[in-house]
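# based on what follows, work out the 3D shape:
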Amino acid sequence: MVVATRTGTGGSVEPTQLESIRDFLIAAAHGGVWLTLAEIAEATVVGEASVSAQIRNLRKPEFGSYTIHKRRRGSNGHGVVWEYRLQV
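Numbers count the residues shown, from 1 in each chain. Below is the predicted model:
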């Protein structure tokens, strides 16, 4: 698996969006927690559209072939709210 990191200010190595989201989902999965895109976005400081794209990436072989379950949480007046959980 190839995952890039980026260099932050002062030469520190910062995790990529993919790494941040993956690590957060793994930690949540160990607690059996299901999360919406909004909850993941808030916790990782990444936009919801990017979270959705990174969840798709995590399912790909080159990024780990993770199994990510999706289920309906409810609706919010704008449509269905989905929640996700990475299988560990």
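# show me what contacts the residue most central in space within the chain?
The chain has I21 as the residue nearest its centroid, 3.6 Å off, counting by Cα atoms, centre = their mean. Shown in contact with I21 (Cβ atoms under 8 Å, 6 or more residues apart in numbering): I40, T44, V46, V51, Q54, I55, L58. Bear in mind the C-beta positions are built from the backbone N, C-alpha and C, glycine included.
# neighbours around the nearest residue to V33 once chain neighbours are set aside, how many?
Nearest residue to V33, sequence neighbours excluded (Cβ to Cβ, 6 or more residues apart in numbering): R85, at 7.0 Å. Residues near R85, counting by other Cβ atoms under 10 Å, number 18.
# in which helix or strand does R85 reside?
strand 80-86 (DSSP states H and E).
# mind checking the longest helix of the protein?
Of all segments of type helix in the chain, defined using DSSP state H, the longest is helix 17-30.
# just the buried residues of that one, please?
Buried residues in helix 17-30, defined by neighbour count with 16 or more other Cβ atoms under 10 Å: Q17, L18, E19, S20, I21, R22, F24, L25, A28, A29.
# and stretch 49-60, by the same measure?
Under 16+ other Cβ under 10 Å, the buried positions of stretch 49-60 are S50, V51, Q54, I55, N57, L58.
# give me phi/psi at V33?
Note on V33: backbone dihedrals following degrees, to the nearest 10 are phi -90, psi 130.
# fine by me, we can end here.
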